[in-house]
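Novice: Compute the structure for the input listed below.
(2 chains)
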Amino acid sequence: MSQAAGEFLRMLPFLVAAWLFVVGLYGIVTSRHLVHLIMCLVVVQTSTYLLLLGVGYKIGAAAPIFADIPVGTPAVDPVTHALMLTDIVVEATVMALLLALAIQAEERAGSVDPEQLRIMRG
Amino acid sequence: MNHRARTALFLVGGLGLLCFYVWGLHGLPGFGHYPGPYGDLINSLTVFERHATDAVTAVNFDYRGFDTLGEEFILFASVMGANLLLRKQKDDREEDPPLDQAEDRVVPPTSDAVRVTGLALVLPIVVFGLYTISHGQLTPGGGFQGGVILASMPLIIYLCGDYKSFDHVTSHVLSEITEALGAGGYAIAGLISIMFGLNYLTNFIPLGQTGDVLSSGTILLISVLTGLEVAGGLVVLMISFFRQSLVYRKTDEESRGPR
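Specialist: Sure thing, here's the model as predicted:
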């Protein structure tokens, strides 16, 4: 494998994470519908999963579960996995909160287009 | 700011982000070359220090238990927030339910295949959820995953029955109590270790035999409490959303009237 290709593969998971982040952000900026906007936010968050797993991964290492492998076997970083699994569950509930906000915005302002939500009422 | 200006601003910002990101990537150790030593230390110590064979659960509920407490309260607060936003309000517009555009056509009843498969899944799902929660310290699992599995049980019942049977198996008050017990219990478990003169959330229960279900001390206790909170919270969310947005449609049987 050439030097450049090796360098590229070494960076690939981080580049994909950046791509997901930017694509989600682009969706948020150009969104015309609140539900679409929330889904784009989820895409942005997905990039953090990939980034964390990429940081914690070790080539050839096992999962950090020592029920059937002896202690001392090379294993990937358990901290990033712990962060991720709480993140996934918490993200689902935060998404529910945002969707509830979208329902309320539709009821108050009569629109789900972020462009139309200019009126602020106390 | 109009659409075009906002997109232009995003493109400029995105370009800047790209430059800094690629620059930052050169300082990273690269994919697959984890530098350690924190993760490696935990991997080599969990089994001896905490008698838990799943390092991920040990990190979640013991080594970084305080962080997870924070995550728990994010979950708790967002469930409460969604619940609050979706409640029936005084000034809600009194809307007529949307008109059924095709009254002569009826919703086909749930097929028998879905019904039988769904109902056959209910008990295994509950058992699997409880197993996942209680074995989190040994094998992959724990409160977060098991709680979600448990909360999928009412959804399966909704899928193979209708809203009435969903309403029958869930209780808003009970789910809220379960959720609050889970969240409060976690915080109190931390306070108990202070009573023993230890730091907040230190493992104070005897660790037991590695590999047993009843081992690893507070990791198991906190895992169960988290399972309660996650399951309760998700069911509260489902109930709120169903009450807000469900359009009641006649099924085949009801439109034909009593036979």
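
Novice: Every contact and neighbour count from this point should use C-alpha atoms.
Specialist: Noted.

Novice: what's the longest helix belonging to chain B packed up against?
Specialist: Counting residues, the longest helix found in chain B (DSSP state H) is helix B:218-245. Helices and strands touching helix B:218-245, as assessed by 3 or more Cα pairs under 8 Å, 6 or more residues apart in numbering or on different chains; DSSP states H and E, comprise helix A:78-109, helix B:65-85, helix B:112-134, helix B:143-160, helix B:172-195.

Novice: Go through the ones you listed and find the least confident stretch.
Specialist: Mean pLDDT across these is lowest at helix A:78-109; the value there is a mean of 88.

Novice: buried residues in that helix?
Specialist: Of all the residues in helix A:78-109, those buried under the rule 16 or more other Cα atoms under 10 Å in any protein chain shown are A:78-91, A:93-105.

Novice: before we move on, the earlier item: and the angle for the longest helix of chain B with helix A:78-109?
Specialist: Counting by axes from the mean of the first three to the mean of the last three Cα atoms, to 10 degrees, helix B:218-245 lies at 20 degrees to helix A:78-109.

Novice: buried sites along helix B:218-245?
Specialist: B:218-241.

Novice: tell me the mean pLDDT for that helix?
Specialist: Throughout helix B:218-245, pLDDT has a mean value of 90.

Novice: what angle do that helix and helix B:65-85 make?
Specialist: Following the same axes, to 10 degrees, one obtains 20 degrees for the angle between helix B:218-245 and helix B:65-85.

Novice: what does the stretch 51-200 of chain B have sitting close to chain A?
Specialist: The stretch 51-200 of chain B comes close to chain A at residues B:53-57, B:59-60, B:68, B:71-72, B:74-75, B:78-79, B:81-82, B:85-86, B:93, B:138-140, B:144, B:148, as judged by Cα under 8 Å from any Cα of the partner chain.

Novice: Please list only the buried members of the residues you listed.
Specialist: By 16+ other Cα under 10 Å, those give B:53-57, B:59-60, B:68, B:71-72, B:74-75, B:78-79, B:81-82, B:85-86, B:138-140, B:144, B:148 as buried.

Novice: returning to what we had before: which of the buried residues of helix A:78-109 are close to chain B?
Specialist: The subset of the buried residues of helix A:78-109 within reach of chain B, counting by Cα under 8 Å from any Cα, consists of A:78-79, A:81-83, A:85-87, A:89-90, A:93-94, A:96-98, A:100-101, A:104.

Novice: So A:P74 sits against A:F66, correct?
Specialist: No - if you go by Cα atoms under 8 Å, A:P74 and A:F66 don't touch, sitting 10.6 Å apart.

Novice: Give me the more crowded residue out of these two.
Specialist: Ranked by neighbour count (other Cα atoms under 10 Å in any protein chain shown), A:P74 and A:F66 place A:F66 first, with 23 against 18.

Novice: where does that one fall, phi/psi-wise?
Specialist: Backbone torsions for A:F66, taken as degrees, to the nearest 10, come to phi -100, psi 30.

Novice: That one: what's it in contact with?
Specialist: Applying Cα atoms under 8 Å, 6 or more residues apart in numbering or on different chains to A:F66 gives the contacts B:V47, B:T53, B:D54, B:A55.

Novice: The same query, at a cut-off of 6 Å, please.
Specialist: By Cα atoms under 6 Å, 6 or more residues apart in numbering or on different chains, the contact list for A:F66 reads B:T53.

Novice: hmm, back to that, next, the angle helix B:172-195 makes with the longest helix of chain B.
Specialist: Calculated by the same axes, to 10 degrees, helix B:218-245 forms an angle of 150 degrees with helix B:172-195.
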